[in-house]
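J.: below are the sequence and a predicted model; questions follow.
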Amino acid sequence: MKLSYYKTIAPYYDLIIPRDIKGICDSIEAIIKRYRKKKNILDLGCGTGRFSVELAKRGYHVTGLDITEEMLKVARQNAKKVKINIKYIKGDIRSFKLPKKTDVIWARGSVGDIINGDDVKRAFKNIGNNLSKEGIFIFDVRDDSDSVGKIRRSSFETRIFKKGKKKIIFRFIRDIDKRQKLVTIKGEVVIKSTKYFEKYKVKHTMKYYAKKEIMKLLAKVKFKILEIFPGYESEKIKLPRLVAVVQK
């Protein structure tokens, strides 16, 4: 599973892909408190570690796992900046193996990066194998019932940010395959200053799901569904997502 998109944009990811870190973590913490009292959590597909850091600040024992070394490098830097000790490891969502099973696994967006249905089932089975007894798995996917129309109305976008003396420009267009429920982002990232200029081509495909599809996949790997709801409750700007909470 190659995710070269994340490799390219890793140093600028937190700028060009903003998220309500506090609001989402508030929601995750509320879910954990409903079902588990323990505080061991795996941030699966942790990216630059911004959620890992926030959860660690709240007293959780966090491990971050990601397939992209460039993202993990940024994650380690982010943890070091705030003097928080988080173990970050490289691994594939379909095949990772923890030294010790964990109480909570949370996958923020990473399930939707898996395009092949058999790979999704492999990932779910592997996640179950890494959960402790009665451990919970929390994950989100892009909601097909709401997303398709919004993508059509917003097919082209430019985002401009500054980082020190550099200007970062992210231009992209979204192409949708309605039949397969896939959305592909194609574009470029430009980084420039008075003495510096770089341009990178980016391309990334994501899968969207209906609620029934997710329920069917979970049933095949024998997860017990505790909740499925639209978006993170405390997130200020809600994205069109389904959030699922399941148990071994």
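T.: Arrived safely, thanks for sending.

J.: so how far is Lys73 from Pro240?
T.: Separation of Pro240 from Lys73 (Cβ to Cβ, to the nearest Å): 31 Å. C-beta coordinates here come from the backbone N, C-alpha and C atoms, glycine included.

J.: report the buried residues of the helix ranked longest in the chain.
T.: When the chain is parsed with DSSP state H, its longest helix is helix 21-35. In terms of neighbour count (16 or more other Cβ atoms under 10 Å), helix 21-35 has its buried residues at 23-29, 31-32, 35.

J.: do stretch 235-243 as well
T.: For stretch 235-243, a neighbour-count test (16+ other Cβ under 10 Å) marks 235, 239-243 as buried.

J.: and what of stretch 64-83?
T.: Within stretch 64-83, the residues scored as buried using 16+ other Cβ under 10 Å are 64-68, 70-72, 74-76, 78-79.

J.: restricted to strands, list those.
T.: Per DSSP state E, strands hold the following members of the buried residues of stretch 64-83: 64-66.

J.: for the residues you listed, which one is nearest Leu15?
T.: Nearest to Leu15 among these: Asp66, at 18.2 Å, using Cβ to Cβ.

J.: what residues are up against the closest one?
T.: Asp66 is in contact with 45-47, 72, 75, 88, 90-91, counting by Cβ atoms under 8 Å, 6 or more residues apart in numbering.

J.: point out where this structure drops to low pLDDT.
T.: In the predicted model, the chain carries pLDDT under 70 at residues 1-3, 146-154.

J.: okay, now the domains of it?
T.: Domain ranges of the chain: 4-143+210-247, 146-206, per automatic domain parsing.

J.: most tightly packed of the ones you listed?
T.: Stretch with highest mean neighbour count among the domains of the chain: domain 4-143+210-247 (a mean of 18; mean count of other Cβ atoms under 10 Å).

J.: now the strands: where do they sit in this structure?
T.: Here the chain has its strands, by DSSP E, at 40-44, 61-66, 87-90, 102-107, 131-143, 156-163, 166-177, 182-193, 196-209, 224-230, 241-247.

J.: for these, give me a markdown table that also has distance to Ile115.
T.: Converted to a markdown table, the strands of the chain look like this (distance: least, Cβ to Cβ, whole Å):
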| stretch | distance to Ile115 |
| --- | --- |
| strand 40-44 | 17 |
| strand 61-66 | 18 |
| strand 87-90 | 21 |
| strand 102-107 | 15 |
| strand 131-143 | 12 |
| strand 156-163 | 22 |
| strand 166-177 | 11 |
| strand 182-193 | 7 |
| strand 196-209 | 6 |
| strand 224-230 | 21 |
| strand 241-247 | 17 |
